[in-house]
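>>> from the sequence below, what's the structure:
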Amino acid sequence: MPSQMTVNHWLAHAAAHLAQYQAWQPVSGEAVNARREARAVLLAALEQAPAWLMTWPDAPLNAEQQARADDFLARRAQGEPMAYLRGEQEFWSLALRVVPGVLVPRADSECLVEQALLHLAANTTARVLDLGTGSGAIALAIAHERREARVFACDRSALAVTIAQGNAARLGLALSCCESDWLSAFAGERFEMIVSNPPYIAEDDPHLASLHGEPLTALTATEQGLADLRQIITSAPAHLSAHGYLLLEHGYDQAAAVRDLLQQAGFVDVASRRDFGGNERVSLGRWPGASHGD
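Below you'll find the model as predicted:
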């Protein structure tokens, strides 16, 4: 790009550049205006609010600002999520730090939080465990709404654990977080609720091409996306108190399979709940009696 550009000139060049690429477009296929995306990239690079663009459309960018904006633009054109460029993603009205290597929280996961809160209504001091916590989004949303609950979280990624703990500290929320391959670090421990948004995308799903900026290990699973869900369902009863709940997020077309797995494992009151888009996104079940091993 030319040197010493104004804000409007940079936006025009950036929009034309983005229009040459598809990697940054949403997985849903809904087209996003390149000019609007260019504005979002520039605001992220300069750490400015939207009103700044309207106030200073002809302001010149200095060399440092333009270099940073150009770097952000190149990364966005290749499909890197905006959340990584900003270093932050809002979830449940909480500002969460996110970095490459940690899954970006999605609005769909708020359905899991809603169901968890609904089933915790009568037990505000419950022990709750979030498996595969990533940035800590789900665990911290629950901790924010149920201050007396004892909320635990784990992830097999050391980076994710560090990010989740940092988010908890910044938000002033109590969260006990550790490294664990699902429930392996919780031998002998029981919880009134276990929640998880595990990897559930099939390894051959064509949408993965648009998600290459995020860690595939947090997105994909074998057995057409059901392997981790199956593992959690099989191992959860040994860690649930009597009448404890297991709640799982899954793909839009996996609800029937997940309900079958829950029923086969011995869960009762098995049901699925729809997300904001009308898709069955969360399935849950109640463990009926004493914990395994009692």
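
>>> burial check on residue 138, number of neighbours?
29 (other Cβ atoms under 10 Å). Yep, even glycine has a C-beta here, placed from its N, CA and C like the rest.

>>> by mean pLDDT, point me to the weakest helix or strand of this structure.
strand 220-221 (a mean of 76; mean pLDDT, DSSP states H and E).

>>> and the contacts of it?
198-203, 205, 208, 227-229 (Cβ atoms under 8 Å, 6 or more residues apart in numbering).

>>> got it, and stretch 92-107?
With contact meaning Cβ under 8 Å, 6+ apart, stretch 92-107 is reached by 80-81, 83-84, 87-91, 110, 113, 134-138, 140-141, 144, 157, 159-160, 163, 166-167, 170-171, 213-215, 218-219, 276.

>>> go ahead and build a PyMOL selection from the buried members of the residues you listed.
Buried residues among the contacts of stretch 92-107 (16 or more other Cβ atoms under 10 Å), as a PyMOL selection:
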select buried, resi 80+81+83+84+88+89+91+110+113+134+135+136+137+138+140+141+144+157+160+163+166+167+213+214+215+218+219
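
>>> how about the strands in the stretch 1-150 of the chain?
Assigned by DSSP state E, counting those that start in this stretch, the strands in the stretch 1-150 of the chain fall at 88-91, 94-97, 127-131, 150-155.

>>> contacts for the third one, please.
The contact list for strand 127-131 (Cβ under 8 Å, 6+ apart) reads 116, 120, 136, 138-139, 142, 146, 149-154, 180, 182-183, 186, 190-196, 198, 232, 239, 241.

>>> ranges for the strands of the stretch 151-294 of the chain?
Taking DSSP E, counting those that start in this stretch, the strands of the stretch 151-294 of the chain run over residues 176-179, 191-196, 201-202, 220-221, 240-249, 268-274, 280-286.

>>> okay, now the unreliable bits of the chain?
Applying pLDDT under 70 to the chain flags residues 1-3, 27-31, 206-212, 290-294.

>>> quick check: the gap between the residue nearest in space to the middle of it and residue 233.
The chain has residue 105 as the residue nearest its centroid, 2.3 Å off, counting by Cα atoms, centre = their mean. Using Cβ to Cβ, to the nearest Å, residue 105 is found at 23 Å from residue 233.

>>> residue 196 now?
In this view, residue 196 and residue 233 are 10 Å apart by Cβ to Cβ.

>>> over to residue 152?
When distance is defined by Cβ to Cβ, residue 152 is 19 Å away from residue 233.

>>> ok, back up a step: can you tell me which of the contacts of stretch 92-107 are in helices?
Judged by DSSP state H, the contacts of stretch 92-107 include 83-84, 110, 113, 137-138, 140-141, 144, 159-160, 163, 166-167, 170-171 as members of helices.

>>> sorry, back to before: how close does the residue nearest to the centre of the chain sit to residue 222?
Distance from residue 105 to residue 222, by Cβ to Cβ: 24 Å.
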